[in-house]
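3D, please:
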Amino acid sequence: MTASDQPTELPLVALLQRRTRWFQDALAARLAKAGVDSITPAHMQVLAHLRDRDTALSVAELARLAGVSRQTMHRAVKQLTVEGLVTADEGAGFPRTTLVRITGHGLERRRIAARFLADLEAELDEHLGTDLTVSLREALTRAWPPAE
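This is a model prediction of the structure:
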């Protein structure tokens, strides 16, 4: 491949991944500085959908909400259970379902991570400007075409 064959602009997906990595790295650094165990983006997705200790969602429902496969969600729930951030209990129904609830420890970790993420969004707003930050959020929350 010659230099003229090199793309002049990165694909949008690469840019999104790069900026997602900025959030992940900055969050991990702030959690470590605060003496709090890190939390992966996948784990944050699970905790974000469990509102309180009384809310129980099935693994299938969590997977749908997070936009991941049930297998991926099962792995995340298993890891979060080991860390004591959620409980996973067998529910009624056919096929058997696993019902997931957040623990007090999970609520606390989510609260701390959410505070740091809000701080990072505020920093991004200062860096990019409010108009661009609002436009970015709007673009990312609009409905996108199906992936097929």
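
what is the burial count for residue 107?
Neighbour count of residue 107, defined by other Cβ atoms under 10 Å: 16. All C-beta atoms are positioned from the backbone trio N, CA, C, and that covers glycine.

same question but for residue 37, I mixed them up
Neighbours around residue 37, by other Cβ under 10 Å: 11.

over to the one 5 residues further on?
Around residue 42 sit 15 other residues, with neighbours defined as other Cβ under 10 Å.

ok but it is inside a helix, no?
Yes. Under DSSP: H, G, I helix; E, B strand; the rest coil, residue 42 sits within a helix.

for it, which residues are in contact?
Residues near residue 42 by Cβ atoms under 8 Å, 6 or more residues apart in numbering: 66, 68, 72, 76.

buried ones in stretch 28-47?
Of all the residues in stretch 28-47, those buried under the rule 16 or more other Cβ atoms under 10 Å are 30, 31, 39, 43, 44, 45, 46, 47.

please produce CSV containing those residues, extended by distance to residue 133, secondary structure and pLDDT.
Formatted as CSV, the buried residues of stretch 28-47 follow (distance: Cβ to Cβ, whole Å; DSSP: H, G, I helix; E, B strand; the rest coil; pLDDT from 0 to 100):
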residue, distance to residue 133, secondary structure, pLDDT
30, 19, helix, 95
31, 23, helix, 93
39, 23, coil, 85
43, 25, helix, 87
44, 20, helix, 85
45, 22, helix, 83
46, 26, helix, 88
47, 24, helix, 89
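
could you pull out the strands for the chain?
57-58, 86-91, 97-102 (DSSP state E).

can you give me the helices for the chain?
Remark: helices assigned in the chain by DSSP state H are 12-33, 41-49, 59-66, 70-82, 104-128, 130-141.

out of the ones you listed, which is closest to residue 97?
With Cβ to Cβ as the criterion, residue 97 lies closest to helix 59-66 of those, at 7.1 Å.

and that closest one, what does it pack against?
Contacts defined by 3 or more Cβ pairs under 8 Å, 6 or more residues apart in numbering; DSSP states H and E place helix 59-66 against helix 41-49, helix 70-82, strand 97-102.

pull out the buried positions in that helix.
Buried-residue list, helix 59-66, by 16+ other Cβ under 10 Å: 59, 61, 62, 63, 66.

low-scoring stretches of this protein, by residue?
1-7, 93-95 (pLDDT under 70).
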